[in-house]
Structure formats: structure tokens, C-alpha cells
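In: Here is my input; please provide its structure:
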Amino acid sequence: MRKPNVFDQLGFSQEESDLAMMKTELITKIAKCAEHYSQSELREILGASQPRISNLLTGKIANFSLDTLIEYAAALKMRPEIKTHKPVVAIAAAR
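Out: Residues are numbered from 1 along each chain as shown. Next comes the predicted model:
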């Protein structure tokens, strides 16, 4: 069973909550990695405008698709990956 998160508490559907949580975790890691670069370096590395970089660094997840965040993480050599787990039903049936 998955742990509830803040997006669940805000009334998001499970799918919306899962996506928002994935984006939040990824944007947080990107922002941490980006601390090693100036904004002008980030513009060049990510191929993004200064307002876009600012939105990224301030965690405005609604402004970014998961695809874009994965592209940014890859551009920063972060080796992004998505992990999946067996459904809870499959785990219970295996017992």
C-alpha cells in the first residue's frame, strides 16, 4: 500500500497525487544539483529562458511536465529513472 502524501490531503486524485509527488521529488533534486551552476550556465545547459530557470529553482511544479523535468535532469547528468513496483494485489497473492 502506498503512503499518503500532501497532495492526497489536498484532495487530488491518486493519479494526480502520484504525478505531483514525482514532479516534486524530481524538481527538488534538480534544484539541489543546480546550486552548482549560475543561472546563465543553467540557461545554456538546459536550453531554457531565464524565467523558466527561475520557475524551476523556485519549485513551481505546475509549470513543468514530467517529461521536461526528466530532460533537465538528463542534461545535468543526473541519470534520471522511473521505478515501478508490483501492485499490492500481486504481492498479497504471492504470500
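In: How many neighbouring residues does the nearest residue to Leu69 once chain neighbours are set aside have?
Out: Distances taken as C-beta to C-beta, 6 or more residues apart in numbering place Leu26 nearest to Leu69, at 4.6 Å, with adjacent residues excluded. Glycine gets a C-beta too; all of them are placed from N, C-alpha and C. Leu26 has 21 neighbours, counted by other C-beta atoms under 10 Å.
In: Now Leu26: which helix or strand?
Out: Here Leu26 is covered by helix 14-34, with elements defined by DSSP states H and E.
In: residue boundaries of the helices in this structure?
Out: Counting by DSSP state H, residue ranges of the helices within the chain are 6-9, 14-34, 39-46, 50-57, 66-75, 88-94.
In: do you know how far Phe12 is from Cys33?
Out: 27 Å (C-beta to C-beta, to the nearest Å).
In: now what about the helix holding Leu26, what contacts it?
Out: Contacts with helix 14-34, where a contact means C-beta atoms under 8 Å, 6 or more residues apart in numbering, come from 2, 5, 7-8, 12, 42, 56-57, 59, 61, 64, 66, 69-70, 72-73, 76, 78, 80, 82.
In: now swap in stretch 35-52 and tell me
Out: With C-beta under 8 Å, 6+ apart, stretch 35-52 has contacts from Ala34, Ile53, Ser54, Leu56, Leu57, Asn63, Tyr72, Ala75, Leu76.
In: Now with 7 Å, please.
Out: The contact list for stretch 35-52 (C-beta atoms under 7 Å, 6 or more residues apart in numbering) reads Ala34, Ile53, Tyr72, Ala75, Leu76.
In: In it, which residues are buried?
Out: Leu42, Leu46, Ala48, Arg52 (16 or more other C-beta atoms under 10 Å).
In: remind me which residues of the protein are low pLDDT?
Out: The chain contains residues with pLDDT under 70 at 1, 90-95.
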